[in-house]
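> return atomic coordinates for the entry below.
(one chain, ligands or ions: 1)
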Amino acid sequence: MNPSHPTTENRIGSAISIEQHISGPHWEPPTIPNATTYWRCTSCHRESTREQDLHRERFHAPDCEVWP
Ligand SMILES: [Zn+2]
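So this is what the prediction gives:
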């Protein structure tokens, strides 16, 4: 009846893009048995072995500046 959720998702053209905060791929040292590559968000410092994870909002910390 009474819409109380105003849509404020008009952030197209934001100055910050996720690509600017993706660091990688990084290679783990070969001394690690199952060495792999990983990517890191330079804002919230979370890491993943799959770059596509970095493009998901839920992957990042609540205060990550990539997703204001
Ligand atoms: Zn982040």
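> look at the most centrally placed residue in the chain and give its secondary structure.
Central residue of the chain (C-alpha atoms, centre = their mean): residue 54, 3.6 Å from the mean position. State at residue 54, reduced to three classes by DSSP: H, G, I helix; E, B strand; the rest coil: helix.
> which pLDDT value goes with it?
Per-residue confidence at residue 54 stands at 95 (pLDDT).
> same question for residue 34.
89.
> next: the one 4 residues further on.
Residue-level confidence at residue 38 comes out at 96, pLDDT.
> number of residues surrounding it?
16 (other C-beta atoms under 10 Å). Glycine gets a C-beta too; all of them are placed from N, C-alpha and C.
> what's the host helix or strand of it in contact with?
Under the criterion of DSSP states H and E, residue 38 resides in strand 37-41. Strand 37-41 is contacted by residues 21-28, 46-51, 53-54, 59-60, 64, 66 when judged by C-beta atoms under 8 Å, 6 or more residues apart in numbering.
> narrow those to those that are buried.
Buried subset of the contacts of strand 37-41 (neighbour count, 16 or more other C-beta atoms under 10 Å): 21, 22, 24, 53, 54, 59, 60, 64, 66.
> where's the residue nearest to the centre of the chain relative to residue 30, distance?
The gap separating residue 54 from residue 30 is 24 Å, by C-beta to C-beta, to the nearest Å.
> just residue 46 next, same as before
24 Å.
> how about residue 23, what does it touch?
Here residue 23 is in contact with 39, 40, 41, 42 (C-beta under 8 Å, 6+ apart).
> report the buried members of those residues.
Looking at the contacts of residue 23 with 16+ other C-beta under 10 Å, the buried ones turn out to be 39, 40, 41.
> from those, which are also near the ion?
residue 41 (C-beta under 5 Å from the ion).
> specify the beta-bridge partners of the closest residue to residue 51 other than its chain neighbours.
Excluding the flanking residues, the one nearest residue 51 by C-beta to C-beta, 6 or more residues apart in numbering is residue 39, at 4.8 Å. When bridges are called by DSSP bridges, residue 39 pairs up with residue 48.
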